[in-house]
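[1] Let me see the structure of the following:
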Amino acid sequence: MTLPPAKLLPYLNAKGSLTTLLEKKSGQPIQVKVIKEGWQAIDFAHKKTLKLPLRHQSLAWVREVLLFGDEHQAWVHAKSIFPLSSLTGEGRRLRHLGNTPIGYVLFKKNKKLPYIRQIFEQDGQFGRVNIYHWQGRRILIEEIFLQNFLQVI
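    Residues are numbered from 1 along each chain as shown. So this is what the prediction gives:
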């Protein structure tokens, strides 16, 4: 893997809410555009990452969004995977985020959540996969920083 640009490291390694960091950079609330969301079977790699049973079919609510720091250019492509088991109790609201940034929900009570992180490069773009432990649930959030963002930082 090629090393990420130094100016991107604070975002790749951020321990708190990425939403908060992006809002500080943009000087305004982040705008969320939902690309798609709905029920999907979890593939083998994601089941392994989430430590779900590998031999059984597992369903998840999957949400893909673009995060905009300004009105015209998306900064981040994000994919959230909420296993069915994570959508109980307070977790039910994760299915109904709409255009609300997930950081508003996850980091509302805790500024830092336990997580496991992996940084990756895909087609020349850098991203991170976080497995958050939120209220006793595991959820996966993958964020890819787009070229537009690299031009801003």
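
[2] switch to C-alpha atoms for all contacts and neighbour counts from now on
    Noted.

[3] Let's see whichever helix in the chain runs longest as CSV, backbone CA atoms only.
    Counting by DSSP state H, the longest helix found in the chain is helix 18-26. C-alpha atoms of helix 18-26 as CSV (Å, rounded to 0.1, in the frame of the first residue of the first chain):
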residue,chain,number,x,y,z
LEU,A,18,-15.3,12.3,11.7
THR,A,19,-18.5,14.3,11.2
THR,A,20,-17.3,16.8,13.8
LEU,A,21,-13.9,17.1,12.1
LEU,A,22,-15.5,17.6,8.6
GLU,A,23,-17.8,20.3,10.0
LYS,A,24,-14.9,22.1,11.5
LYS,A,25,-13.1,22.0,8.2
SER,A,26,-16.1,23.2,6.2
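
[4] could you say what helices and strands that helix packs with?
    If you count contacts as 3 or more C-alpha pairs under 8 Å, 6 or more residues apart in numbering; DSSP states H and E, helix 18-26 packs onto helix 102-106.

[5] Now tell me what touches the helix it packs on from outside.
    The contact list for helix 102-106 (C-alpha atoms under 8 Å, 6 or more residues apart in numbering) reads Ser17, Leu18, Thr19, Thr20, Leu94, Trp134.

[6] ok, of the residues you listed, which come out buried?
    Ser17, Leu18, Thr19, Thr20, Leu94, Trp134 (16 or more other C-alpha atoms under 10 Å).

[7] farthest pair in the contacts of helix 102-106?
    Thr20 and Leu94 (18.5 Å; C-alpha to C-alpha).

[8] ok so, going back, out of the contacts of helix 102-106, the closest to Glu121 would be?
    Distances from Glu121 to the contacts of helix 102-106, taken by C-alpha to C-alpha, are shortest for Leu18, at 18.1 Å.

[9] for the residue of the chain most remote from its centre, helix, strand, or coil?
    Distance from the C-alpha centroid of the chain, by C-alpha atoms, centre = their mean, peaks at Arg55 (25.8 Å). Secondary structure for Arg55, judged by DSSP: H, G, I helix; E, B strand; the rest coil, is coil.
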